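Chemist: predicted model and sequence follow; I will ask about them next.
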Amino acid sequence: MNVDKMGICVSIIVLVAVLGVVGTLSGDFDLGVDEIKLPHINAGTGIDTSKYAYYEWCYKMNFEC
């Protein structure tokens, strides 16, 4: 009797796992969250980084870039 219960539980677990993988891979699963955009933060100063950060670094280090 215990073997029958274990077989039913294993069958349900396998069925849920297979349906979960197929549902996820189908692309129809949507959480309603679009693209998440994170700001580009410089960890040292906490301000937005500039697109000229390399040249600013060269200027601060007195290098000619």
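Modeler: Perfect, I can see it now. Numbers count the residues shown, from 1 in each chain.

Chemist: so the closest residue to Glu64 other than its chain neighbours, which of the three states?
Modeler: With CB to CB, 6 or more residues apart in numbering as the criterion, Glu64 has its nearest non-adjacent residue at 7.2 Å, and that residue is Cys58. (Each C-beta comes from the backbone N, C-alpha and C, glycine too.) Secondary structure state of Cys58, per DSSP: H, G, I helix; E, B strand; the rest coil, is helix.

Chemist: now Lys37
Modeler: With three-state DSSP as the basis, the three-state label of Lys37 is coil.

Chemist: what's near enough to touch Lys60?
Modeler: Applying CB atoms under 8 Å, 6 or more residues apart in numbering to Lys60 gives no contacts.

Chemist: relative to His40, how far out is it?
Modeler: Taken as CB to CB, to the nearest Å, the spacing of Lys60 relative to His40 amounts to 19 Å.

Chemist: and Val3, by the same measure?
Modeler: Taking CB to CB, one finds Val3 at 58 Å from His40.

Chemist: neighbour count winner among those two?
Modeler: With neighbours defined as other CB atoms under 10 Å, Val3 and His40 compare such that His40 has more, 11 against 7.

Chemist: and the pLDDT at that one?
Modeler: Confidence at His40, expressed as pLDDT, is 70.

Chemist: over to Gly20?
Modeler: Confidence at Gly20, expressed as pLDDT, is 86.

Chemist: and Glu64, helix, strand or coil?
Modeler: Secondary structure for Glu64, judged by three-state DSSP, is coil.

Chemist: what's the pLDDT at Ile8?
Modeler: 94.

Chemist: please identify which helix or strand holds it.
Modeler: Per DSSP states H and E, Ile8 falls inside helix 2-26.

Chemist: going by contacts, tell me the helices and strands next to that helix.
Modeler: Contact analysis of helix 2-26 by 3 or more CB pairs under 8 Å, 6 or more residues apart in numbering; DSSP states H and E lists no helix or strand as a packing neighbour.
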